[in-house]
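Student: Using only what follows, build the 3D model:
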Amino acid sequence: MFESIGISPQELFGQVLVGLINGSFYAILSLGLAIIFGLLNVINFAHGAFYMLGAFVAWLLLQQADVGYWWALFLAPLAIGLLGAVLERTLLRRLYQVDHLYGLLLTLGFALILEGSFVYKFGSSGNPYPVPELLRGGQDLGFMYLPNYRAWVVIASLTLCIGTWFAIERTRMGAYLRAATENPTLVENFGINVPVMITATFALGVALAGLAGVLAAPIYQVNATMGSNLIITVFAVVVIGGMGSILGSVITGVSLGLLEGVTKVFYPEASNIVIFVAMAIVLLVKPAGLFGQEH
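Tutor: Numbers count the residues shown, from 1 in each chain. The predicted model follows:
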């Protein structure tokens, strides 16, 4: 069937896999953005920089301390989350009561400082990061070859996204967190430290970006511009899913990654803009996004 239109099954399924991998990263990054915006009303334009930092922390741990991938999966998000907590407590906290534009400008400036510093220190060329030994090789499925590491990235990403959604939407702590952003005085009467909870929320959002950076390091080259190359697309994903919609960000991220992958097969010239075309169509039909709520 595919040969009749000049496309082999291997080519199609290969691009579907690429799209699924890209969609997994879109989902994790847009999830972190949705948590921060939906619960804190902050447009975090430094999210791509935190993603880049996660990859660099993993790379530096390996180069400087011989700390491998599995430890980096824990240590890098922890370090990025702590950096995010410092940023929230020292700068962002002052901007919650003013226009969203101030938070966007602050995080954009922070991202430019980080990216410029890393370009100055490490250059703009990529640094390879090895696939962990346990996940090397792949599986021959007959219709395509599936690398083990790429399968791990998809499974780990989706598991992380679903687990985060469940924790925020279906647990008591998540209910406290959502309530704290809407009525902090009421939540404080239950003995909950709201400022600490808000800091933890921002730290969680940027830690997800750092974790995505670690997952991406063995697939893409670790370089200082890897976050800025991705962040515009991720913002488009968040807008399509609905600003602040956690489930919408996950579903939309994976779906748009697959759409991008399939487009590369049938119309490669449009693959770089298909997500933005989808965003324009969605905004015309449903300005709040597919899963967003009209105000």
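Student: Can you get me a residue count around S249?
Tutor: 33 (other CB atoms under 10 Å). Every C-beta, even on glycine, is put in place using the N, C-alpha and C of the backbone.
Student: repeat for H100
Tutor: Neighbours of H100 (other CB under 10 Å): 12.
Student: tell me the secondary structure for the nearest residue to it once chain neighbours are set aside?
Tutor: In space, and not counting its chain neighbours, H100 is closest to I43: 5.5 Å by CB to CB, 6 or more residues apart in numbering. With DSSP: H, G, I helix; E, B strand; the rest coil as the basis, I43 sits in coil.
Student: Got phi/psi on P147?
Tutor: The phi/psi pair for P147 (degrees, to the nearest 10) reads phi -60, psi 140.
Student: ok, now Y145?
Tutor: The phi and psi values for Y145, taken as degrees, to the nearest 10, are phi -100, psi 130.
Student: Got the phi and psi for the residue nearest to H100?
Tutor: Per-residue torsions, I43: phi -90, psi 100 (degrees, to the nearest 10).
Student: residues touching it, list them.
Tutor: I43 makes contact with F37, H100, G103, L104, T107 under the criterion CB atoms under 8 Å, 6 or more residues apart in numbering.
Student: for the first one, helix, strand, or coil?
Tutor: Secondary structure assignment for F37 (three-state DSSP): helix.
Student: and the residue nearest to it when sequence neighbours are not counted, how many neighbours does it have?
Tutor: Of all residues not flanking F37 in the chain, G244 sits nearest, at 5.1 Å (CB to CB, 6+ apart). The burial count assigned to G244 is 22, neighbours taken as other CB under 10 Å.
Student: Could I get the full set of strands for the stretch 1-150 of the chain?
Tutor: Taking DSSP state E, counting those that start in this stretch, the strands of the stretch 1-150 of the chain run over residues 138-140, 145-147.
Student: Which one of those strands lies nearest to G292?
Tutor: Minimum separation from G292 across the strands of the stretch 1-150 of the chain (CB to CB) falls at strand 145-147, 34.8 Å.
Student: Could you give me the buried positions within that closest one?
Tutor: Using 16 or more other CB atoms under 10 Å as the test for burial, strand 145-147 gives L146, P147.
Student: V206 against I80, yeah?
Tutor: Yes. Contact criterion CB atoms under 8 Å: V206 and I80 qualify, at 5.5 Å.
Student: Quickly list what's touching both of the two.
Tutor: When contacts are counted by CB under 8 Å, 6+ apart, V206 and I80 have F50 as shared neighbours.
Student: Show residues contacting stretch 9-16.
Tutor: F2, F143, M144, L258, G261, V262, K264, V265.
Student: If we go by neighbour counts, what in it is buried?
Tutor: Burial within stretch 9-16, assessed by neighbour count using 16+ other CB under 10 Å, is assigned to L12, F13, G14, Q15, V16.
Student: do the same with stretch 139-157
Tutor: For stretch 139-157, the neighbour count (16+ other CB under 10 Å) marks M144, L146, P147, Y149, R150, A151, W152, V153, V154, S157 as buried.
Student: same deal with stretch 218-236?
Tutor: Neighbour counts over stretch 218-236 (16+ other CB under 10 Å) mark 218-220, 222-224, 226-228, 230-231, 233-236 as buried.
Student: so of these, which ones are in strands?
Tutor: Among those, no member falls in strands (DSSP state E).
Student: Buried ones only from the contacts of I43, please, as a PyMOL command.
Tutor: Selection of buried members from these for PyMOL, criterion 16+ other CB under 10 Å:
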select buried, resi 37+103+104+107
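Student: Among the contacts of I43, which one lies nearest to F74?
Tutor: Distance to F74, by CB to CB, is smallest for T107 among those, at 25.2 Å.
Student: Quick check: that closest one vs Q10, distance?
Tutor: According to CB to CB, to the nearest Å, T107 stands 42 Å off from Q10.
Student: Show me what whichever helix or strand F166 is part of is packed up against.
Tutor: Using DSSP states H and E, F166 maps to helix 148-169. Applying 3 or more CB pairs under 8 Å, 6 or more residues apart in numbering; DSSP states H and E, one finds that helix 148-169 makes contact with helix 9-40, strand 138-140, helix 172-182, helix 194-216, helix 246-266.
Student: Perfect, I'm done here.
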